[in-house]
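K.L.:
Fold the following, please.
(one chain, ligands or ions: 2)
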Amino acid sequence: MGQTIIEKIVSIHADKEVFAGELTVVNVDFLMASDTTAPLAIKAFQNMGGVQIFNASKMALVIDHASPAPNQRIASLHDMMREFANEQNIKLYDVGDGICHQLMIENEHAKPGQLILGADSHTCTYGAIGTFSTGVGSTDLAGAMLTGQTWIKVPETILININGPLQPGVSAKDIVLYVVGIVGIQGATYDAIEYAGSTMSDLSLDSRMTIASMSIEMGAKAGFIHTTGLELAYAFEHVLPDASATYKRVIDIDASQITSQVAIPHSPDNVKSIEEIDEIEINQAFIGSCTNGRLEDLHAAANILKDQRVHPKVRLIIAPASRKVFLDAVKDGTVEILTNAGATFLPSGCGPCVGTHLGVPGNNEVIVSSTNRNFQGRMGNRESNIYLGSPAFVATAALHGKIKNPQLI
Ligand SMILES: CC(C)[C@H](C(=O)O)[C@@H](O)C(=O)O
Ligand code: SF4
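P.N.:
Numbering: from 1, shown residues only. Ligands and ions are numbered 1, 2, ... in the order given. Modelled structure (predicted):
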């Protein structure tokens, strides 16, 4: 019987052939926790009687969500993480290194065909390179820290075929918002998603990460981009399903129909085409996050803002997804272009995406953002309104002081 990607990866890690619906124990290849979840996971691990984690080379901790520490309480949690990493001899990424999901791929902790758990919902990002990676709670992570194993009910899979060329000015974020608009915020709950088709195989790694990361915005357990066309710095075996695999649902999308997409307040599946939205005035523009804070995203913004100045009423803030992304953008002149345009660079990390610090909006303000969630209060103020879109959409709004179609600029 043919297998989907997730059935194949789970089978390998369970040492037996399994299919959707079956419950099994699997070995894990790597574990990750951030400063939001690691302190709880460490406590749970200790409460379970844990002394040493199952394999010190198979875990990383990342200080990224509130980094550098905005207050004394969080500074103490960061210290606790440093201490634990030190005593366990596990890798710790500290202030400014970057967002956990970016670091997992950039530093090759995640590889095609592996099974990885992260105590963060956007762990599904590594599906961009054919990894089965999924977000778990701190207690489940602690169990895996102890045993190197976890249990899983093999998910069913939704296949999304996207074919054809993209319109000019349309990017990976528009594709994934379009998909979230169709599937809905609970439309893929506990399912895996596979993204296939010629549009996907033409995408860069950065773009693939954008799409995989937002799989959780449909409730998915994992989101795989078929690895056809994927290029990595190392040799790898492609991660593809069998031709006779069974899917729960198949969605066919003609990429040439996708225009610039925007998720309007207060849900990522509240998706509209840009033409359906008024030219609303904005106060703050943010480019960053594990969804859209990479070099390709900064380039898209720089293309629009080169030799221009953001609107005087707009604050443009940018948090590169990692120190490497920042350095690459310094070296190729992108940081200078954006800084001259009026952008303020933040340290690499989550910052405004999750509202912990660095860019909390004021009351009744309108924010355009390249991130993945626009729930009420997401950026730290329930009285503000967040519009999600591509980096080009954010840069265009920052330039004009209002929402405008980036395809027409
Ligand atoms: C704060 C953290 C637990 C959370 C998550 O799990 O996703 C955050 O990263 C997010 O994006 O909402
Ligand atoms: S950048 Fe945002 S979405 Fe990504 S891990 Fe950080 S808080 Fe979560």
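K.L.:
Could you list every helix and strand in contact with the longest helix along the chain?
P.N.:
In terms of residue count, the longest helix belonging to the chain (DSSP state H) is helix 72-88. Applying 3 or more Cβ pairs under 8 Å, 6 or more residues apart in numbering; DSSP states H and E, we find helix 72-88 packed against helix 38-47, strand 59-62, strand 91-93. Bear in mind the C-beta positions are built from the backbone N, C-alpha and C, glycine included.
K.L.:
So residue 175 sits against residue 212, correct?
P.N.:
No: with contacts counted by Cβ atoms under 8 Å, residue 175 stays clear of residue 212, the gap being 11.5 Å.
K.L.:
When these two are compared, which one has more neighbours?
P.N.:
A count of neighbours by other Cβ atoms under 10 Å puts residue 212 above the other of residue 175 and residue 212, at 32 against 26.
K.L.:
Let me see the contact set for the more buried one.
P.N.:
Residues near residue 212 by Cβ atoms under 8 Å, 6 or more residues apart in numbering: 124-128, 195, 223-225.
K.L.:
one more time with 6 Å
P.N.:
When contacts are counted by Cβ atoms under 6 Å, 6 or more residues apart in numbering, residue 212 touches 125, 127-128, 223, 225.
K.L.:
quick revisit: tabulate the CA atom coordinates of the longest helix of the chain in PDB.
P.N.:
Taking C-alpha atoms only, helix 72-88 is exported to PDB below (Å, rounded to 0.1, in the frame of the first residue of the first chain):
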ATOM      1  CA  GLN A  72      14.000  40.600  35.800                       C
ATOM      2  CA  ARG A  73      11.700  37.700  35.700                       C
ATOM      3  CA  ILE A  74      12.600  36.700  32.100                       C
ATOM      4  CA  ALA A  75      16.300  37.400  32.800                       C
ATOM      5  CA  SER A  76      16.100  34.700  35.500                       C
ATOM      6  CA  LEU A  77      14.500  32.300  33.200                       C
ATOM      7  CA  HIS A  78      17.200  32.900  30.600                       C
ATOM      8  CA  ASP A  79      19.800  32.200  33.300                       C
ATOM      9  CA  MET A  80      18.100  29.000  34.300                       C
ATOM     10  CA  MET A  81      18.300  27.900  30.600                       C
ATOM     11  CA  ARG A  82      22.000  28.700  30.400                       C
ATOM     12  CA  GLU A  83      22.700  26.800  33.500                       C
ATOM     13  CA  PHE A  84      20.700  23.700  32.300                       C
ATOM     14  CA  ALA A  85      22.400  23.800  28.900                       C
ATOM     15  CA  ASN A  86      25.800  24.000  30.500                       C
ATOM     16  CA  GLU A  87      25.200  21.200  33.000                       C
ATOM     17  CA  GLN A  88      23.700  18.900  30.300                       C
END
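K.L.:
mind listing what's buried in that helix?
P.N.:
74, 77-78, 81, 84-85, 88 (16 or more other Cβ atoms under 10 Å).
K.L.:
And for stretch 332-343?
P.N.:
Neighbour counts over stretch 332-343 (16+ other Cβ under 10 Å) mark 334-335, 337-338, 341-343 as buried.
K.L.:
Out of those, name the ones that lie in strands.
P.N.:
If you go by DSSP state E, those have nothing in strands.
K.L.:
Closest to ligand 1 out of the residues you listed?
P.N.:
Proximity of the buried residues of stretch 332-343 to ligand 1 (Cβ to the nearest ligand atom) peaks at residue 343, which lies at 22.7 Å.
K.L.:
Show me the beta-bridge partners of residue 153.
P.N.:
Beta bridges link residue 153 to residue 23 when assigned by DSSP bridges.
K.L.:
quick revisit: between all of the buried residues of stretch 332-343, which two are separated the most?
P.N.:
Using Cβ to Cβ, the buried residues of stretch 332-343 span at most 14.5 Å, a distance reached by 334 and 342.
K.L.:
Spatially nearest residue to residue 12, not counting backbone neighbours?
P.N.:
Distances taken as Cβ to Cβ, 6 or more residues apart in numbering place residue 113 nearest to residue 12, at 7.2 Å, with adjacent residues excluded.
K.L.:
pretty sure that neighbour contacts residue 240?
P.N.:
No: contact criterion Cβ atoms under 6 Å: residue 113 and residue 240 do not qualify, at 10.5 Å.
K.L.:
which neighbours do the two share?
P.N.:
Contacts common to residue 113 and residue 240, judged by Cβ under 6 Å, 6+ apart, are absent.
K.L.:
Against ligand 1, how distant is the closest residue to residue 110 other than its chain neighbours?
P.N.:
Among residues not flanking residue 110 along the chain, residue 126 sits closest, at 4.0 Å (Cβ to Cβ, 6+ apart). According to Cβ to the nearest ligand atom, to the nearest Å, residue 126 and ligand 1 sit 14 Å apart.
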